[in-house]
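Chemist: what shape does this take:
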Amino acid sequence: MTDRDELFSRLRRRPDVEDPALQAHDASDALILDEAAKQRPRLGEVVVIGDRHGALTLGALQAGATGVRVHQDVIVGERALDANAAELGDLLPGAGGYAHHPLDASLVEGAGLVLLQLPRALDALDEIAELIATHADERVRVIAGGRVKHMSMSMNALLGRSFRHVHASLGRRKSRVLHAEGPLRPGISWPRTRRHEVAGRPLTVVAHGAAFAGTSVDIGARTLLQHLDQMPDARGAIDLACGTGVLGVALALARPELRVLATDASAAAIASTRATAEANGVAGRVTARRADGLEGVADASAELILLNPPFHVGAAVHTGAAERLIADAGRALAPGGELWCVWNSPLGYRPLLERVGETRQVSRNAKFTVTATRR
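Modeler: Purely as a prediction, here's the structure:
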């Protein structure tokens, strides 16, 4: 077993969802690192973007990189990296450190080598590519990898809008790497904005590339917002897993005295929510906070929680994230408080909601069910 094999075998996902079907690394991490090893003279100036639980960052440190700058959109990914770094220090003797950065110029300014786990969303890749091509060194090389089943030729074309040269590596173990160099200095076009009519009211959505649903309003959110007038009176509400903040901002617009706390694990979601609240004139009443669920919210304190839960964990269809969010909502609900939830009807979350409290079905169709759960 090589040192890297041992490193990967000991990686954990915690505090992210753990399950025998979910791994803390895959073959694309190894392929990216192998391609990076060919750029050995540049290993001292590495940026890592999209590392899920530390495989890329710790692998680069093990290979000799120093002062690695890292951006992970999801907060549990950051915490998993930190936990793995602390646990696996014996495999990183003399390795240089790493530092977390937001997705801004400070992350990539002057960088010569960027290791990227390709995001599934093309908009997320577009924002990342623009950032690198605008602020990194003119000699920067980007090594962007992923599982072949999640890659498309659109990714090559998109990178080609920000870099002169883009080519693909040979595939290995169902993974592939895209190489990009020659930044075109395109400038930054993110975040983006779109106007909508939602539940009979105008709503402006502002979104960064990695935010769920982008500048659109997904069908689940629209379904839940049809019932705004039926939701109980409350002095404050929580938009849990807020995405771009559509639910919380729409509620704040409908109820001028209400204050909203919006939480999400994604940095892109929180930046988008803040921008959406500002664009709709409710920034003073909507507070957006990056968090793992409702951490920091006191037990039995929330009067009203709105939830449109995810049904993916990374690229896998998995209910683990939704299960955690529903349980956390149950912990935070005050006696008499209500959780209003919209979910994909085939997933059958009703038993989970019944554990929180008495649950009634507000509406249901083939795609979505809306429920109200009272503690």
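Chemist: tell me the contacts of the residue lying closest to Gly160 once chain neighbours are set aside?
Modeler: What sits nearest to Gly160 in space, not counting adjacent residues and going by Cβ to Cβ, 6 or more residues apart in numbering, is Val166, at 5.0 Å. Glycine gets a C-beta too; all of them are placed from N, C-alpha and C. Counting by Cβ atoms under 8 Å, 6 or more residues apart in numbering, Val166 makes contact with Asn156, Leu159, Gly160, Leu178, His179, Ala180.
Chemist: which among these gets closest to Gly171?
Modeler: Closest to Gly171 out of those is Leu178 (11.6 Å), distances taken as Cβ to Cβ.
Chemist: isn't that closest one right next to Ser154, touching?
Modeler: No - counting by Cβ atoms under 8 Å, Ser154 is not a contact partner of Leu178; they are 11.5 Å apart.
Chemist: of these two, which one has the most company?
Modeler: Between Leu178 and Ser154, counted using other Cβ atoms under 10 Å, the more crowded position is Leu178 (23 against 10).
Chemist: in which helix or strand would I find the more buried one?
Modeler: strand 175-183 (DSSP states H and E).
Chemist: tell me what that strand is packed against?
Modeler: helix 27-37, helix 122-135, strand 141-147, helix 153-159, strand 163-168 (3 or more Cβ pairs under 8 Å, 6 or more residues apart in numbering; DSSP states H and E).
Chemist: most packed of these?
Modeler: strand 141-147 (a mean of 25; mean count of other Cβ atoms under 10 Å).
Chemist: next secondary structure after the helix or strand hosting Ala321?
Modeler: Secondary structure assignment for Ala321, by DSSP H and E: helix 320-332. Downstream of helix 320-332, the first helix or strand assigned by DSSP H and E is strand 333-344.
Chemist: report pLDDT for the spatially closest residue to Leu118 that is not a sequence neighbour.
Modeler: Sequence neighbours aside, Gly146 is the residue nearest to Leu118 in space, at 3.7 Å (criterion: Cβ to Cβ, 6+ apart). For Gly146, the pLDDT comes out at 96.
Chemist: on that earlier part again, make a markdown table from the helices and strands packed on strand 175-183 and add distance to Arg52 to it.
Modeler: Formatted as a markdown table, the helices and strands packed on strand 175-183 follow (distance: least, Cβ to Cβ, whole Å):
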| stretch | distance to Arg52 |
| --- | --- |
| helix 27-37 | 8 |
| helix 122-135 | 14 |
| strand 141-147 | 11 |
| helix 153-159 | 18 |
| strand 163-168 | 22 |
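Chemist: of the ones you listed, which is nearest Pro202?
Modeler: Here helix 122-135 is closest among the helices and strands packed on strand 175-183 (Cβ to Cβ), at 23.2 Å.
Chemist: what angle separates the closest one from strand 175-183?
Modeler: Angle, helix 122-135 to strand 175-183, by axes from the mean of the first three to the mean of the last three Cα atoms, to 10 degrees: 40 degrees.
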